[in-house]
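*Asks:* can you look at this prediction? I've put the sequence above it.
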Amino acid sequence: MTDTTASNLIRETVTNPREVEQLITGVPTSDGAGVKLTRVLTQPLQRRLDPFLMLDAFGSDDPDDYIAGFPNHPHRGFETVTYMIAGRMRHRDSAGNEGLLQNGGVQWMTAGRGIIHSELPEQEAGVMEGFQLWLNLPSHDKMRAPWYRDIQSDGIPEFTTPEGVRVRVIAGASHGVEGAMKRETTEPLYLDLHFNAATRFEQALPASHNAFVYVYRGSAEVNGLQIDTQRMAILKNDKGSDGVIIKAGEGAKVLLIAGRPLNEPIAQYGPFVMNTQGQIFEAVRDFQEGRFASQG
């Protein structure tokens, strides 16, 4: 992996940090062929957290909770970002892509005008844990050609702050370190923060970008408010704010996700996310009539 030394970092100092607007408890659900997961970012929050549409957290050491995986299913109009913390899943799609998602790796898939794919476990025992984030596409990109990239763990840039926070930069940039992925319109920032000591982490953020924190180990604190394990904190969009300061104890692990809102209409029907109901009807019709590329 690319590991930048502390002496080469560009320090980010936050003078007017964001506060927490709301704490969210995820909703237990299942998807695919019965995979148990927690839906953290649900459909009612899509406008508030634009351009993000969904965040699922999955994790279990019981194979019955994940072994059936996610058989063939379609998508149109957005991107999926799957971050695997533990375990292995095989991806296959109708554009001919295939890859193995492993510990610490990321699968970034642009559904665009339509794709059919599957994500199936390649293990029969052990822990399966990770996250899937849905990132909306701007209207002018919703019908673009599908695209896919597998990013193995050693392809994700990392750095450790002088205070002892190890930062994995999946998308965007932090402290002068460019992430594995970049998107011009939505400008997503996706950081995985590992606190190796009781300390703080500062990240500059444009005041107009929507942002949230998800704690998946231990607990953290933002502007005096504690965020417990498996809780999401939506950060306020105060005009004068310049970033976020996260405090946490040793062993805490936190996702920090932010992006530039599209401010476009959102129409969703299951795995199709477009701008109008007419486009949703078209997506359903195209899928039913086989106009998505066939699984090959």
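*Replies:* Cool, got the structure. Numbering: from 1, shown residues only.

*Asks:* count of neighbours near residue 269?
*Replies:* By other Cβ atoms under 10 Å, 14 other residues sit near residue 269. In short, each C-beta sits where N, CA and C put it, glycine included.

*Asks:* can you pull the contacts of it?
*Replies:* 280, 283, 284 (Cβ atoms under 8 Å, 6 or more residues apart in numbering).

*Asks:* give me the nearest residue to the second one, chain neighbours excluded.
*Replies:* Across the structure, with Cβ to Cβ, 6 or more residues apart in numbering as the measure, the residue nearest residue 283 apart from its sequence neighbours is residue 272 (4.1 Å).

*Asks:* please enumerate the strands of the stretch 1-150 of the chain.
*Replies:* Applying DSSP state E, counting those that start in this stretch to the stretch 1-150 of the chain gives strands spanning 3-4, 20-25, 27-31, 35-41, 52-60, 70-75, 78-86, 89-93, 98-101, 106-110, 115-121, 128-136, 147-151.

*Asks:* with distance to residue 219, mean pLDDT and mean neighbour count as extra columns, can I get these in JSON lines?
*Replies:* Below are those laid out as JSON lines (distance: least, Cβ to Cβ, whole Å; pLDDT from 0 to 100; neighbours: other Cβ atoms under 10 Å):
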{"stretch": "strand 3-4", "distance to residue 219": "27", "mean pLDDT": "64", "mean neighbour count": "14"}
{"stretch": "strand 20-25", "distance to residue 219": "12", "mean pLDDT": "98", "mean neighbour count": "15"}
{"stretch": "strand 27-31", "distance to residue 219": "20", "mean pLDDT": "93", "mean neighbour count": "12"}
{"stretch": "strand 35-41", "distance to residue 219": "16", "mean pLDDT": "96", "mean neighbour count": "20"}
{"stretch": "strand 52-60", "distance to residue 219": "16", "mean pLDDT": "96", "mean neighbour count": "21"}
{"stretch": "strand 70-75", "distance to residue 219": "31", "mean pLDDT": "95", "mean neighbour count": "17"}
{"stretch": "strand 78-86", "distance to residue 219": "18", "mean pLDDT": "97", "mean neighbour count": "21"}
{"stretch": "strand 89-93", "distance to residue 219": "29", "mean pLDDT": "93", "mean neighbour count": "19"}
{"stretch": "strand 98-101", "distance to residue 219": "28", "mean pLDDT": "92", "mean neighbour count": "17"}
{"stretch": "strand 106-110", "distance to residue 219": "25", "mean pLDDT": "96", "mean neighbour count": "24"}
{"stretch": "strand 115-121", "distance to residue 219": "30", "mean pLDDT": "94", "mean neighbour count": "21"}
{"stretch": "strand 128-136", "distance to residue 219": "18", "mean pLDDT": "97", "mean neighbour count": "23"}
{"stretch": "strand 147-151", "distance to residue 219": "29", "mean pLDDT": "95", "mean neighbour count": "17"}
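
*Asks:* nearest to residue 255, out of these?
*Replies:* Residue 255 lies closest, by Cβ to Cβ, to one member of these: strand 128-136, at 7.0 Å.

*Asks:* picking up where we left off before, got a PyMOL select line for the buried ones in the contacts of residue 269?
*Replies:* In PyMOL, this line selects whichever of those come out buried by 16 or more other Cβ atoms under 10 Å:
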select buried, resi 280+283
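
*Asks:* circling back to that earlier point, so the residue nearest to residue 283 bridges to which residues?
*Replies:* Beta-bridge pairing of residue 272 under DSSP bridges involves residue 76, residue 269.
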